[in-house]
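Asker: build me a model from this:
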Amino acid sequence: MNKHEADRNLGLILTEFRNYQQGILPTGPGARGLIEFFADIDQNPAIEPAAPKIQRNDRDILNLLSKRSEVLHLGPANYCWFTDPTRALCLKLAGTPTATKPLIGMCDSARCPQATHHPIHRDVWAEHAQRTKTFLGQLGKTRTTERERLTSDHTRPQRIVTAIDTAARGASDQS
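Answerer: Now for the predicted structure:
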């Protein structure tokens, strides 16, 4: 089981690295760190081709990505790059700062500094925004407290969808 999970994570991080190379960047609080990590690998002289016609080998890149893939945890609406338990918002909220794995069910990926959003997560966020909008439309006028809470709950997924779309457009603008 662990071997399959490791292989899956390595495939996912390679896909995201290729997306980075095409200009499709992650979004979310942890995006800057992941982008910097990818930039380091992309510019790493250890994987520069020996001759102009020799391409970088996927195995060389996978070797550099493999350590980071070990800290990847999948959420339904984000990737968690669990590199530092002291920075994990889920562990802080649960009062378990010494845990060795994230509590992915408690993840607030819009606020956690180790979470990223990718195009694969767009549909989840768009559906959440649509359902919240529908629910808001069904609230009566006297439900002001619920309306305020749901309005802010609706704004967050819209903001994330916009960020994902903007990152994807940035890649198509470079073409």
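Asker: all contacts plus neighbour counts: C-alpha atoms, from now on.
Answerer: Noted.
Asker: how is residue 73 assigned, secondary-structure-wise?
Answerer: In terms of secondary structure, residue 73 is strand; the call rests on DSSP: H, G, I helix; E, B strand; the rest coil.
Asker: quick one: the nearest residue to it once chain neighbours are set aside from residue 123, how far?
Answerer: Counting by CA to CA, 6 or more residues apart in numbering, residue 80 is the residue found nearest to residue 73 once chain neighbours are left out, at 5.0 Å. Taken as CA to CA, to the nearest Å, the spacing of residue 80 relative to residue 123 amounts to 18 Å.
Asker: and the two? which has more neighbours close in?
Answerer: Residue environment comparison for residue 80 versus residue 123 gives the larger neighbour count to residue 80, 24 against 12, counting by other CA atoms under 10 Å.
Asker: who's in contact with the more buried one?
Answerer: 71-74, 102, 104, 114-116 (CA atoms under 8 Å, 6 or more residues apart in numbering).
Asker: would the residue nearest to residue 73 count as being in a strand?
Answerer: Yes - secondary structure of residue 80 (three-state DSSP): part of a strand.
Asker: now, of the contacts of residue 80, which are buried?
Answerer: Among the contacts of residue 80, those that count as buried by neighbour count (16 or more other CA atoms under 10 Å) are 71-73, 102, 104, 114-116.
Asker: mind putting those into JSON lines with pLDDT and distance to residue 28?
Answerer: Rendered in JSON lines, the data for the buried ones among the contacts of residue 80 read as follows (pLDDT from 0 to 100; distance: CA to CA, whole Å):
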{"residue": "71", "pLDDT": "94", "distance to residue 28": "17"}
{"residue": "72", "pLDDT": "95", "distance to residue 28": "15"}
{"residue": "73", "pLDDT": "95", "distance to residue 28": "15"}
{"residue": "102", "pLDDT": "94", "distance to residue 28": "17"}
{"residue": "104", "pLDDT": "90", "distance to residue 28": "16"}
{"residue": "114", "pLDDT": "96", "distance to residue 28": "9"}
{"residue": "115", "pLDDT": "96", "distance to residue 28": "6"}
{"residue": "116", "pLDDT": "97", "distance to residue 28": "5"}
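Asker: just the residues you listed now: which is nearest residue 64?
Answerer: Each of the buried ones among the contacts of residue 80 was scored against residue 64 by CA to CA, and residue 71 proved nearest at 13.5 Å.
Asker: give me the distance between the closest one and residue 23.
Answerer: Taking CA to CA as the criterion, residue 71 is separated from residue 23 by 23 Å.
Asker: cool, and residue 94?
Answerer: Using CA to CA, residue 94 is found at 36 Å from residue 23.
Asker: I'd like to know how many residues surround residue 120.
Answerer: Using other CA under 10 Å, residue 120 has 11 other residues around it.
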